[in-house]
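Student: structure, please.
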Amino acid sequence: MTKTALGLSIASIAWLAMSCGAHQEKKTAAAPSKTVVEDSGRTIKLPPDSLTLHFFKTMEATQSDLNAELMAPARVAATVVKSNGNTSQNIVLFDNPDLTASYTELLQHIINIREKGNIIRQKKAIAAQKQIELDRFKDLAEHGAGTGKDVSDAKTDLISAQTEMAIAETDLANEKTSIIEHESKLKLAGFDPQSLVTAKPDKTWIICEMPENQITKVKEGSTCKLQLNSYPGETFSGVIEKIGEVVDNITRMVKLRITVSDIQHKLRPGMFATVKFGVSEGNTLSVPRTSVITVQGKNYVFVRKNDSTFERREVLTGVQVNDRMVVFGGIKAGDQVVTDGAMQLKGISFGY
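Tutor: Purely as a prediction, here's the structure:
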């Protein structure tokens, strides 16, 4: 009996061991072993092996102040120097002969306008005097102290004076019309005609161009830094004097006029430069640039929900600031967005 009981016990233990082994094999076989894509690619579940999961790195979406430095190509467009022949009017040297011609014509028209203005004042004074004389002769004729011929001659003199005044006024109007053409050429080149005329010596103008979608980030009166190819390693300080009023139809660029005080006379028209503007995007939500992928014109990021699950989110993005991208919607601060491996998840999510 003892041997029989011992044999049954051994058989039971063996059966239990085999049964446990079979259950263990079933449990191992049931564990997920491949990537699962759900909800039209919006959710991705990866195998829970450390090698695969460690490949995907994440970084937190943050809400913070973003500051960047915009750079734009530029050139020295004009400088002001003293005139030896005319101390009342300084000379402006341009990097463009056409602008030099326009500015010269502008100055001549300004002189002509002043002269014609003086002539008109003289003609008005003469016409006023002729009117007084006519009124006097009329009064004399009414009281029998004058003749009709005197009145007639006075009328003729008045009409002649008024005609000469009208001609002078027409000449002045023509001068003012002609000056508009030259003012327009200078404005399109980024200059203010009045500022050119009244500019002091040692003043230099830098003209740079900026994309229209960036123009709201700079303001008139703010400072900027310039580096010129002719003076490597040296930095010049400038002030944004004017933001252009016209957007180029082809390049979609806007001209900025920057003034520099060049007391040492280092700058020459035609020199190339790079302008650096410090700009602030304010307190905004942002993610690393490598997190954002683009498919058919839409931007997406992948958010890590747990160790092995990732969720695709469509996001509304703004500008790129250094290595981060501004995000206006689609995620919130604290979300863990994928930085390394985003392109691989893109292929899995969209099926290519």
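
Student: for residue 248, report the pLDDT, please.
Tutor: Looking at residue 248, its pLDDT reads 88.

Student: hmm, I was thinking of residue 17
Tutor: We have a pLDDT of 41 for residue 17.

Student: what do you get for residue 330?
Tutor: So residue 330 comes in at 93 (pLDDT).

Student: residue 130 now?
Tutor: Note on residue 130: pLDDT of 93.

Student: which residues does it contact?
Tutor: 154, 157, 158, 160, 161, 162 (C-beta atoms under 8 Å, 6 or more residues apart in numbering). (Glycine included, C-beta is placed from N, CA and C.)

Student: now it. Nearest residue, chain neighbours left out?
Tutor: Closest residue in space to residue 130, ignoring its immediate chain neighbours: residue 158 at 4.1 Å, by C-beta to C-beta, 6 or more residues apart in numbering.

Student: do you know how far that neighbour is from residue 165?
Tutor: For residue 158, the distance to residue 165 equals 11 Å [C-beta to C-beta, to the nearest Å].

Student: need the residues touching each of these two.
Tutor: Jointly contacting residue 158 and residue 165 under the rule C-beta under 8 Å, 6+ apart are residue 127.

Student: so which of the contacts of residue 130 comes closest to residue 84?
Tutor: residue 161 (42.4 Å; C-beta to C-beta).

Student: what's the neighbour count on the nearest residue to the closest one once chain neighbours are set aside?
Tutor: In space, and not counting its chain neighbours, residue 161 is closest to residue 127: 4.1 Å by C-beta to C-beta, 6+ apart. Neighbours of residue 127 under the rule other C-beta atoms under 10 Å: 20.

Student: who's in contact with residue 127?
Tutor: Residues in contact with residue 127 (C-beta under 8 Å, 6+ apart) are 158, 161, 162, 165.

Student: and the longest strand for the protein?
Tutor: strand 62-81 (DSSP state E).

Student: note down every partner strand of that strand and its orientation.
Tutor: Neighbouring strands of strand 62-81 in its sheet, by DSSP bridges, are strand 91-94 (antiparallel), strand 203-211 (antiparallel), strand 272-288 (antiparallel).

Student: mean pLDDT for the ones you listed - can I get that in CSV?
Tutor: Below are the strands paired with strand 62-81 laid out as CSV (pLDDT from 0 to 100):
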stretch, mean pLDDT
strand 91-94, 90
strand 203-211, 92
strand 272-288, 86
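
Student: tell me which other helices or strands the helix or strand the residue nearest to residue 130 falls within touches.
Tutor: Following DSSP states H and E, one finds residue 158 within helix 148-188. Under the contact definition 3 or more C-beta pairs under 8 Å, 6 or more residues apart in numbering; DSSP states H and E, helix 148-188 sits against helix 97-142, helix 193-198, strand 235-247.

Student: and those as JSON lines, adding distance to residue 79?
Tutor: Converted to JSON lines, the helices and strands packed on helix 148-188 look like this (distance: least, C-beta to C-beta, whole Å):
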{"stretch": "helix 97-142", "distance to residue 79": "12"}
{"stretch": "helix 193-198", "distance to residue 79": "11"}
{"stretch": "strand 235-247", "distance to residue 79": "13"}
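
Student: to residue 150, which of these lies closest?
Tutor: helix 97-142 (4.6 Å).

Student: most packed of the strands paired with strand 62-81?
Tutor: Greatest average neighbour count among these goes to strand 203-211 (a mean of 22), per mean count of other C-beta atoms under 10 Å.

Student: understood, closing this out.
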